[in-house]
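Colleague: Got a sequence here, can you model it:
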Amino acid sequence: MSNVRGIPSGQLNQLVWLQKNTGTQDTASGQIVDNWQNVVSVWAEIQTLIGRELMQARQVSPELTHRIRVRYRDDIVADRRFLIPQNNTTLGAAIANAGVTTVTLSDSDLIRSDKATVIRVESELMIVTAGFGTTSLTVTRGAFGSTAAAHSNGTVVIRMGICEIESVIDTGNAHVELVCNCKGRDNL
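Modeller: Presented below is the predicted three-dimensional model:
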């Protein structure tokens, strides 16, 4: 196992997407409309926290669900979020081209809720808008700036959870690694 910049590479075994909100203000209501965009994909170690609270700096941070360790980057800050892998299945049929908006899965258990959810097929991110709990999903292709593409039958489909970064800790290893305390959710 190699040791690059102080972190054993085998411990960073999950590919996650760092996203930033480039929201705009709605001219009619004045409210900020979220518009999340991918910044970069990075390898991470994801630790699911057992309790719903974490004591840090003598303060209780409620509802933290994950601790995510990554190599140091200047653009990993508390107002961003990660997309992290959850459960997976495979495509039950090929996706012929970038214009196809129906995805056929081999298993209906991938999406259990009835709210918009993110899935990943290879490097493409998609937002599931209908077909929850079935093998036939309606999706928005090329989400968050990813590129819509054709995908072969049997390709792995991963449901992605959202982890909002609540705090970032530089571990003191001369900018070698960061530990991010995050609050996760399954849906958009």
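Colleague: Is the residue most central in space within the chain in a helix, a strand, or coil?
Modeller: In the chain, the residue lying closest to the centroid (Cα atoms, centre = their mean) is residue 83, at 0.9 Å. Of the three states, residue 83 takes strand under DSSP: H, G, I helix; E, B strand; the rest coil.
Colleague: Please pull out the lowest mean pLDDT helix or strand from the chain.
Modeller: Least confident helix or strand, the chain: strand 3-4 with a mean of 45, by mean pLDDT, DSSP states H and E.
Colleague: isn't residue 122 right next to residue 157, touching?
Modeller: No. Judged on Cβ atoms under 8 Å, residue 122 makes no contact with residue 157 at a distance of 9.5 Å. (C-beta placed from N, C-alpha, C; glycine too.)
Colleague: Looking at these two, which one has more neighbours?
Modeller: residue 157 (25 against 15; other Cβ atoms under 10 Å).
Colleague: any idea which element the more buried one lies in?
Modeller: Residue 157 belongs to strand 156-170 when elements are defined using DSSP states H and E.
Colleague: buried ones in that strand?
Modeller: Across strand 156-170, burial judged by 16 or more other Cβ atoms under 10 Å covers 157, 158, 159, 160, 161, 162, 163, 164, 165, 166, 168.
Colleague: Identify the neighbouring strands of it in the sheet and state each direction.
Modeller: strand 81-90 (antiparallel), strand 117-121 (antiparallel), strand 177-185 (antiparallel) (DSSP bridges).
Colleague: now that strand, how far from the centre of its chain.
Modeller: Mean-position distance between strand 156-170 and its chain equals 5 Å (Cα atoms, centre = their mean, to the nearest Å).
Colleague: rewinding a little: of the buried residues of strand 156-170, closest to residue 102?
Modeller: Set against residue 102, the nearest of these by Cβ to Cβ is residue 157 (13.2 Å).
Colleague: quick one: residue 16 and residue 46 touch, right?
Modeller: Yes. Contact between residue 16 and residue 46 holds when scored by Cβ under 8 Å: they sit 7.4 Å apart.
Colleague: Give me the common contacts of the two.
Modeller: Common contact partners of residue 16 and residue 46 (Cβ atoms under 8 Å, 6 or more residues apart in numbering): 68, 84.
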